[in-house]
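Peer 1: Quick one, structure for this:
(one chain, ligands or ions: 1)
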Amino acid sequence: MSEFYFMNGKFVEAEKAFIPVRTHAFLYGTAVFEGIRAYWNDEEKQLYVFRAKEHYERLIRSAKIMYMETPYNVEEYCDITKKLMAKNNYKQDAYMRPTLYKSAQKVGPGLFDNEDSFMIISNKMGDYIDTSKGLKVCVSSWRRNSDNAIPPRAKVAGSYANAALIKTDAHNAGFDDAIVLDEAGQVTEGSAMNLFLVQNGKLVTSTKTDNILVGVTRNTIIEIAKDLGIETEERAIDRTELYISDEAFYCGTGAQVSPITSIDNRTLGDGKVGPISKELQKLYFDIVKGKVAKYKHWCMPVY
Ligand SMILES: Cc1ncc(COP(=O)(O)O)c(C=O)c1O
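Peer 2: Okay, here's the model as predicted:
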């Protein structure tokens, strides 16, 4: 069966979903998007979309920065998402990418006289990447684009040229990913995920004004850690703090909770995935599948 996407107000078969080559978003990266996951709960025979509301709230904030008109409100976006998941009849984990984009057939970077279009593409998600082994990462020689250049607070397609360089050079140097500093040399996040350190039993993460994308997963981690009695310090982080932390992990819709065991060839702790990373990871995987009553309001049922 062919997969369906949502495009210009309609569900269309994936093979028939095209955009014209002169589309502004293709020529200039002028699209804002979200990555959202849906998790299959086999006991309940239910598919749960994780924190759809928070993702669409961020899409609307990104749109505002980029002079885009949102065609729907949060409730309507969630409703379309549910319908798309159901139409695709997913009975396993899935991923979707809602994208609001400048769709004028126009050369020239201006966002004016430039209509907006909306689409969601989706696909089944295979098994998780191995999140148990611990990632080996480096500090990138690239810098994160700053709030006054291409604001990381907005999830803008064009800004992922920065993430692409960071990820590719880390890969070519034999690392799993990289940690990125901003122009002032402070730690921001990973190529396309947020970063947490563990120091003396506390979590440490960059602040919302440290040139990061303010992640939905980041907020989830801060909240569930608090409920476990683990405090989070949101503050500026120096590069060398990375090397002396007890534990570190990435988090994000794509990365989920991915422990890091070495940074720039310095082993963290004893080189194994640390206990706090492990505890948060386990709880996170239960929460996203709708298995934890306290957080079930974050999981939108499809069926
Ligand atoms: C640059 C960047 N930072 C952080 C994140 C994490 O955000 P979220 O948890 O909302 O997926 C993402 C996306 O996954 C990202 O692309």
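
Peer 1: Asp264 touches Cys138, doesn't it?
Peer 2: Yes: the pair Asp264 and Cys138 qualifies as a contact (CB atoms under 8 Å) at a distance of 5.3 Å. C-beta here means a position set from N, CA and C on the backbone, and glycine is covered the same way.

Peer 1: nearest spatial neighbour of Asp93, skipping sequence neighbours?
Peer 2: What sits nearest to Asp93 in space, not counting adjacent residues and going by CB to CB, 6 or more residues apart in numbering, is Met125, at 4.1 Å.

Peer 1: Run a quick check on that neighbour versus Arg37, I expect a contact.
Peer 2: Yes: counting by CB under 8 Å, Arg37 is a contact partner of Met125 at 6.9 Å.

Peer 1: Identify the contacts common to these two.
Peer 2: Counting by CB atoms under 8 Å, 6 or more residues apart in numbering, the shared contacts of Met125 and Arg37 are 93-95.

Peer 1: hang on, the earlier thing: compare Met125 and Arg37 and say which is more crowded by neighbours.
Peer 2: Taking other CB atoms under 10 Å, Met125 and Arg37 do not tie; Arg37 has more neighbours (20 against 17).

Peer 1: which residues touch His55?
Peer 2: Taking CB under 8 Å, 6+ apart as the definition, contacts of His55 comprise 34, 36, 98, 216, 253.

Peer 1: backbone phi and psi for the nearest residue to Tyr295 once chain neighbours are set aside, please?
Peer 2: The shortest distance from Tyr295 to any non-neighbouring residue, by CB to CB, 6+ apart, is to Ile287 (4.6 Å). Recorded main-chain torsions at Ile287 are phi -60, psi -50, according to degrees, to the nearest 10.

Peer 1: thinking Ile287 is in contact with Trp298, fair?
Peer 2: Yes: the pair formed by Ile287 and Trp298 meets the contact definition of CB under 8 Å, at 6.9 Å.

Peer 1: Would stretch 28-38 count as contacting the ligand?
Peer 2: Yes: on the criterion CB under 6 Å from any ligand atom, stretch 28-38 is in touch with the ligand at Gly35.

Peer 1: Kindly provide the whole-number mean pLDDT of that stretch.
Peer 2: When pLDDT is averaged over stretch 28-38, the result is 98.

Peer 1: And it, what's buried?
Peer 2: Residues of stretch 28-38 classed as buried by neighbour count (16 or more other CB atoms under 10 Å): 28-34, 36-38.

Peer 1: In a markdown table, list those along with distance to Gly274.
Peer 2: As requested, these are exported to a markdown table (distance: CB to CB, whole Å):
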| residue | distance to Gly274 |
| --- | --- |
| Tyr28 | 42 |
| Gly29 | 37 |
| Thr30 | 41 |
| Ala31 | 37 |
| Val32 | 35 |
| Phe33 | 32 |
| Glu34 | 30 |
| Ile36 | 28 |
| Arg37 | 24 |
| Ala38 | 29 |
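
Peer 1: ok, so what distance separates the closest residue to the ligand within the stretch 51-200 of the chain from Ala178?
Peer 2: Per CB to the nearest ligand atom, Ala192 is where the stretch 51-200 of the chain lies closest to the ligand, at 3.6 Å. Between Ala192 and Ala178 the computed distance is 11 Å (CB to CB, to the nearest Å).

Peer 1: Now the common contact residues for the two.
Peer 2: Counting by CB under 8 Å, 6+ apart, the shared contacts of Ala192 and Ala178 are Lys167.

Peer 1: Looking at those two, which is more packed in?
Peer 2: Taking neighbours as other CB under 10 Å, Ala192 and Ala178 compare with Ala178 leading, 25 against 22.

Peer 1: For Tyr160, see how far away whatever residue of the stretch 1-150 of the chain ends up closest to the ligand is.
Peer 2: Of the stretch 1-150 of the chain, the residue with the smallest distance to the ligand, taken as CB to the nearest ligand atom, is Gly35 at 5.2 Å. For Gly35, the distance to Tyr160 equals 11 Å [CB to CB].
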